[in-house]
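Engineer: Sequence and predicted structure, then a few things I'm wondering about:
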Amino acid sequence: MKIESLKELLLAVYEEIKAVNEGRDIFSIPQSDTLYGELTKKFNLIPFNIPGLLRMLVAANHIFSFDIVKEDRKNKILKVEGYVVTKGDIISGLKKAYEDELTSLYAIEFNKKLTGDRVVEMFAPHMEEYNNKPIGRIGAIAYNLNQLTRVLEWDIMKYSQKRLEELLDAEVASGPEFSSFISEHRERPAPQPENGHQKKDAAMKKRAIDLSEYESMMNYSSKNSVEKTIAVYGIDFYTRVCFRDYRFSLIQSHIESGLIRRKDDLAAIKKLLLKERANADKDMKIQEYAADINRLEKIINDKLK
């Protein structure tokens, strides 16, 4: 099925999560450290914006998200989130599977046999101590599924099919453009012979960003929000990475949504954009994105007025 709208994309992502959840075993909670990559490949998505899609599904009461691994900068541990659909029967089945696994791991670690809610209750105070360890991940999932069972019991009408449809329509109506989530694959013109200077200039452009830093940021951004990525790597480096990959429209969508709004940041982006224009005679591919560059420059100028 070809996806042509934001609503279709959200429902497709929802179905992906639901299909994994229906396994109802200890491998049935999609986790952000692997899910983002899978969604990127399957739906041709921009990794930076996948957290935004998932937040929309959470806001529309279609899925729950929860921490499996807490971020720990001191020990270089990134946060990992888990996702489960808001279906009581699915959550109950998963709850039992993870409680059974936690029972086994708890007996080995603490030499004490507990079951069901009791093992979750006794392990809860130890979750920080075992953060990112196998028993810690299983324990965090079991604990959160336990809590989510209660959430559904307390106010089940929030998760009726009619209510879910209303909330999803509201999210779509107020959400970003569908195109801001999709990675563009443009038809490339037939390759033209390059002289030595053109090859050198293109190579210099690619070397403008240190490869290890580039890979580090791409890895970080696949697991964290755009806001956090910019906070960690800075607006200058984030923008240069986007421009390196000709993602001018992505920066535009961030400005339009208000994610990038500080005047200093806008001025920094404009300065980098002027450099891109100056490179147009050296990097022929930039010319393919002239319309994107013009639109981005216009919105920056409007915001800076």
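Structural biologist: All right, it came through fine. Residues are numbered from 1 along each chain as shown.
Engineer: quick one, what contacts the residue nearest to residue 257 when sequence neighbours are not counted?
Structural biologist: Leaving aside its chain neighbours, residue 257 sits nearest to residue 176 (5.7 Å; criterion: C-beta to C-beta, 6 or more residues apart in numbering). (C-beta placed from N, C-alpha, C; glycine too.) Going by C-beta atoms under 8 Å, 6 or more residues apart in numbering, residue 176 touches 6, 49, 52, 253, 256-257.
Engineer: Repeat that for residue 273.
Structural biologist: Taking C-beta under 8 Å, 6+ apart as the criterion, residue 273 is in contact with 243, 248, 293, 296-297, 300.
Engineer: Which pLDDT value belongs to it?
Structural biologist: With respect to pLDDT, residue 273 scores 86.
Engineer: any idea how far it is from residue 129?
Structural biologist: Applying C-beta to C-beta, to the nearest Å, one obtains 48 Å for the distance of residue 273 from residue 129.
Engineer: what's the answer for residue 105, then?
Structural biologist: 14 Å.
Engineer: more crowded one of those two?
Structural biologist: Regarding residue 105 and residue 129, a neighbour count based on other C-beta atoms under 10 Å identifies residue 105 as having more, with 20 against 9.
Engineer: tell me the secondary structure for the more buried one?
Structural biologist: The three-state assignment at residue 105 reads helix, by DSSP: H, G, I helix; E, B strand; the rest coil.
Engineer: which residues sit in contact with the closest residue to it other than its chain neighbours?
Structural biologist: The shortest distance from residue 105 to any non-neighbouring residue, by C-beta to C-beta, 6+ apart, is to residue 135 (4.4 Å). Counting by C-beta under 8 Å, 6+ apart, residue 135 makes contact with 102, 105-106, 109, 123.
Engineer: closest to residue 171 among those?
Structural biologist: residue 102 (33.9 Å; C-beta to C-beta).
Engineer: List the contacts of the closest one.
Structural biologist: 119-120, 123, 135, 138-139, 142.
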